[in-house]
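[1] Just need the structure, nothing else, for what follows:
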Amino acid sequence: YGFTVAPSTVTFEKQEERAQYSFKSESDLQALREILKGKLNQRGFHEQFKPKKKIGKGNFASVYLAEKLESGKNFAVKAFSKEAAYSEDKGKECLIKEI
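    As a prediction, this is how the structure comes out:
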């Protein structure tokens, strides 16, 4: 599984299948965040992906180039540091907005 986020579009990929969703309002995107926030985590990440190298870094997250072991396809994976976000004032809110 993988997904990409553009300003108003989210694309989900599962093997050779692809689904793309467009959002006309911030409230629609917020609704998706609410649905996904309890479902997305890094559990099993290393069983599914092989990180190759760090390609970016921000205040709360690092971005890695990672290979999906099942298909050999490369993905950009954003890994968040909850500790860094939660230790700052309004860090949790900034982290949620980033997702």
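
[2] tell me, which helix in this protein spans the most residues?
    Secondary structure of the chain per DSSP state H: the longest helix is helix 26-37.

[3] Give me the domain ranges for the protein.
    1-40, 44-99 (automatic domain parsing).

[4] mind listing the helices for the chain?
    All helices of the chain, identified by DSSP H, fall at 26-37, 45-48, 82-86, 91-98.

[5] so where's the chain uncertain?
    1-3, 5-7, 37-44, 82, 84-92, 94-99 (pLDDT under 70).

[6] quick one: contacts for the residue lying closest to residue 80 once chain neighbours are set aside?
    Residue nearest to residue 80 in three dimensions, not counting chain neighbours: residue 61, with 4.6 Å by CB to CB, 6 or more residues apart in numbering. C-beta here means a position set from N, CA and C on the backbone, and glycine is covered the same way. With contact taken as CB atoms under 8 Å, 6 or more residues apart in numbering, residue 61 is in contact with 78-81, 98.

[7] what would those look like in CSV with neighbour count and distance to residue 9?
    Converted to CSV, the contacts of residue 61 look like this (neighbours: other CB atoms under 10 Å; distance: CB to CB, whole Å):
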residue, neighbour count, distance to residue 9
78, 14, 17
79, 14, 22
80, 15, 21
81, 15, 27
98, 13, 17
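
[8] Between these, which sits nearest residue 47?
    Checking the contacts of residue 61 against residue 47 by CB to CB gives residue 79 as the nearest, at 15.5 Å.

[9] Quick check: that closest one vs residue 18, distance?
    Separation of residue 79 from residue 18 (CB to CB, to the nearest Å): 23 Å.

[10] Repeat that for residue 62.
    Residue 62 is 26 Å from residue 18, by CB to CB.

[11] quick one: which of these two has more around it?
    Between residue 62 and residue 18, residue 62 has the larger neighbour count (other CB atoms under 10 Å), namely 15 against 12.

[12] Could you verify my assumption that that one touches residue 79?
    Yes. Taking contacts as CB atoms under 8 Å, residue 62 lies within contact range of residue 79: 5.4 Å.
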